[in-house]
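A.B. asks: Sequence below, structure please.
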Amino acid sequence: MSRPLAGVRVLDFTIAQQGPHSMMMLAQMGAEVIRVDRSGPGAPPPRTPARDHHMVGFSFAHALGKRSIAVDVRRPEGREIVLRLAATADVVTSNFRPGVMEKLGLGFDEMRAANPRIAYVTGSGWGRLGPYPQRSSLDMAAQAAGGMVWLSGYEDRPPQPASCAIADQVGALTLCTAALAALVRADRSGEAVQVDTSLYGGGTALQAWEMNASSLAGRTVRSGDGHTVLRPRGAVWRAFEASDGWLTVACEDAPTFTRLCDVAGAPDLAGSYPDDEARASHLEAIEARLAGAFAARSVEEWLRALRARDVPAGRVQSFAEVLADPQARANGYVGRTRHPDFGEIDVAGLPILFERDPVSPPPPPRPGADTDALLAEVGYSDDGIGQLRDDGVI
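C.D. replies: Next up is the predicted model:
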């Protein structure tokens, strides 16, 4: 089956995580994503060290299924190459600080001149407007600024950042969504469009419910090991240790609490704490009682019993368990691909399933792997390509 973005060409200038992951999602949906890698002085080495697990993992998280051209865009000849490619593209993306692409002569105006129907999509740290769009930013800064680091953890302990690059990854989802919207708008209007997203904006949107509740209540309760809105309302919303691992329980109302207590062998708790206010006032005692019950049986036993009574519960899985989970594999959330040094490896996949066809993307490209082919596509001769290489442009 043809994937939904087949025939769409994307010119990808993005770096770090926010941009590359978003464009990889487009590639997994069928777009031809051309990663513009640096060439010339200051460019990275031509390949990732073979046994560098961190960088190989990073590459497989953000570059599956892409093509690559290596070009020095600071040179006039390099800019000309990019503008020729832009004339054949549908989307151009970057996530530098605002103004960087303009200094390179590759801003919206230049791209629109090359392609009057281009969707020009940018991601940044803080957004293009306001008092500090030029500040540097990485995932941690956006987590902190958006309130996530402060919200996580306990009232009497230091702020706690997430243990994954959540602002970057949410920023990637936001940037991917913006690119799709820009593509539709440019196609319908027949005119170029410019769209911007940011790490700060994505992280703020991620917490919309919690932030709005705080605004209305005039206060915020740090979440501890539960949910900042639900826990103060008496919800049992946390992980418990069983005899052979951990499971989570999500119980936010009285009927579910009654069923939870029955399953745990503590029906008296439901009678003693029948409403939100009573449970909120005695939540530590309630959870201590439940923790003692959960410790006596295995995770699988508890999951069967809880699910039989429609109490939302889940196994706390390690990454190794996620990669082996048949549910994740069936839907394409994880899969296998081949690396030239590691061989067959398990990797995270696309969390979108079209029909019944999980995506199995090719591995990331070596920097510049498609340079000659792409140059030929936009009219460069073999001699011209050779001269560009001799001159250090590619």
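A.B. asks: With just CA atoms, put the least confident helix or strand in the chain by mean pLDDT into PDB.
C.D. replies: Using mean pLDDT, DSSP states H and E, helix 53-62 stands out as the lowest-scoring helix or strand of the chain, at a mean of 83. Output of helix 53-62 as PDB, limited to C-alpha atoms (Å, rounded to 0.1, in the frame of the first residue of the first chain):
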ATOM      1  CA  HIS A  53      25.900   3.000  21.200                       C
ATOM      2  CA  HIS A  54      24.800   6.500  22.200                       C
ATOM      3  CA  MET A  55      25.200   8.100  18.800                       C
ATOM      4  CA  VAL A  56      24.000   5.100  16.800                       C
ATOM      5  CA  GLY A  57      20.900   5.000  19.000                       C
ATOM      6  CA  PHE A  58      20.500   8.700  18.400                       C
ATOM      7  CA  SER A  59      20.800   8.300  14.600                       C
ATOM      8  CA  PHE A  60      18.200   5.500  14.600                       C
ATOM      9  CA  ALA A  61      15.800   7.600  16.600                       C
ATOM     10  CA  HIS A  62      15.900  10.600  14.200                       C
END
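A.B. asks: dump the residue contacts of residue 161.
C.D. replies: Residues counted as contacts of residue 161 (CB atoms under 8 Å, 6 or more residues apart in numbering) are 140, 143, 144, 148, 149, 152. Just so you know, the C-beta spots here come from the backbone N, C-alpha and C atoms, and that holds for glycine as well.
A.B. asks: Could you rerun that using 6 Å?
C.D. replies: Residue 161 is in contact with 143, 149, counting by CB atoms under 6 Å, 6 or more residues apart in numbering.
A.B. asks: ditto for residue 168
C.D. replies: Contacts of residue 168 (CB under 6 Å, 6+ apart): 17, 18, 139.
A.B. asks: Can you tell me, leaving aside adjacent residues, what's nearest to the second one?
C.D. replies: Nearest residue to residue 18 in three dimensions, chain neighbours excluded: residue 171, at 3.9 Å (CB to CB, 6 or more residues apart in numbering).
A.B. asks: how does the protein divide into domains?
C.D. replies: What automatic domain parsing lists as the domains of the chain is 9-206+364-390, 231-316.
A.B. asks: Output the contacting helices and strands for the helix or strand where residue 37 lies.
C.D. replies: Taking DSSP states H and E as the definition, one finds residue 37 inside strand 32-38. Counting contacts by 3 or more CB pairs under 6 Å, 6 or more residues apart in numbering; DSSP states H and E, strand 32-38 is packed against strand 9-12, helix 18-28, strand 67-71.
A.B. asks: that older thread, lowest average pLDDT across the domains of the chain?
C.D. replies: The minimum mean pLDDT among these belongs to domain 9-206+364-390 (a mean of 93).
A.B. asks: what about that domain, how long is it end to end?
C.D. replies: 28 Å (CA to CA, to the nearest Å).
A.B. asks: tell me how far that domain is from the chain's mean position?
C.D. replies: 13 Å (CA atoms, centre = their mean, to the nearest Å).
A.B. asks: Likewise for stretch 332-343?
C.D. replies: That offset, for stretch 332-343, works out to 19 Å (CA atoms, centre = their mean).
A.B. asks: outside of it, which residues touch it?
C.D. replies: Contacts of stretch 332-343 (CB under 6 Å, 6+ apart): 50, 323, 328, 344-351, 353, 358-360, 363.
A.B. asks: For those, work out which two are farthest apart.
C.D. replies: 50 and 353 (33.0 Å; CB to CB).
A.B. asks: Looking at these two, which is more packed in?
C.D. replies: A direct count of neighbours by other CB atoms under 10 Å for residue 50 and residue 353 places residue 353 higher, at 14 against 10.
A.B. asks: wait, that one sits on residue 329?
C.D. replies: No - judged on CB atoms under 6 Å, residue 353 makes no contact with residue 329 at a distance of 11.9 Å.
A.B. asks: Tell me the strands beside the strand holding residue 37, with direction?
C.D. replies: strand 9-12 (parallel), strand 67-71 (parallel) (DSSP bridges).
A.B. asks: any idea of the angle the longest one forms with helix 18-28?
C.D. replies: Strand 67-71 and helix 18-28 are oriented at 140 degrees to each other (axes from the mean of the first three to the mean of the last three CA atoms, to 10 degrees).
A.B. asks: Can you tell me what sits against strand 67-71?
C.D. replies: Contacts with strand 67-71, where a contact means CB under 6 Å, 6+ apart, come from 34-37, 39, 78, 81, 365, 367-371, 374, 394.
A.B. asks: Quick check: buried residues in stretch 97-112?
C.D. replies: 97, 98, 101, 104, 105, 106, 107, 108, 110, 111, 112 (16 or more other CB atoms under 10 Å).
A.B. asks: Would you format those residues as CSV with distance to residue 277 and secondary structure included?
C.D. replies: CSV is the format used below for those (distance: CB to CB, whole Å; DSSP: H, G, I helix; E, B strand; the rest coil):
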residue, distance to residue 277, secondary structure
97, 49, coil
98, 49, coil
101, 55, helix
104, 60, coil
105, 63, coil
106, 59, coil
107, 57, coil
108, 55, helix
110, 62, helix
111, 58, helix
112, 59, helix
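A.B. asks: Tabulate those residues in TSV, adding columns for distance to residue 198.
C.D. replies: Output for the buried residues of stretch 97-112, formatted as TSV (distance: CB to CB, whole Å):
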residue	distance to residue 198
97	11
98	10
101	15
104	20
105	24
106	20
107	18
108	17
110	22
111	20
112	22
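A.B. asks: Can you tell me which of those is nearest residue 215?
C.D. replies: residue 98 (28.4 Å).
A.B. asks: my read: the closest one touches residue 135, true?
C.D. replies: No - assessed by CB under 6 Å, residue 98 is found out of contact with residue 135, at 10.4 Å.
A.B. asks: ok now stretch 340-354, how far from the chain's centre?
C.D. replies: With CA atoms, centre = their mean, you get 15 Å for stretch 340-354.
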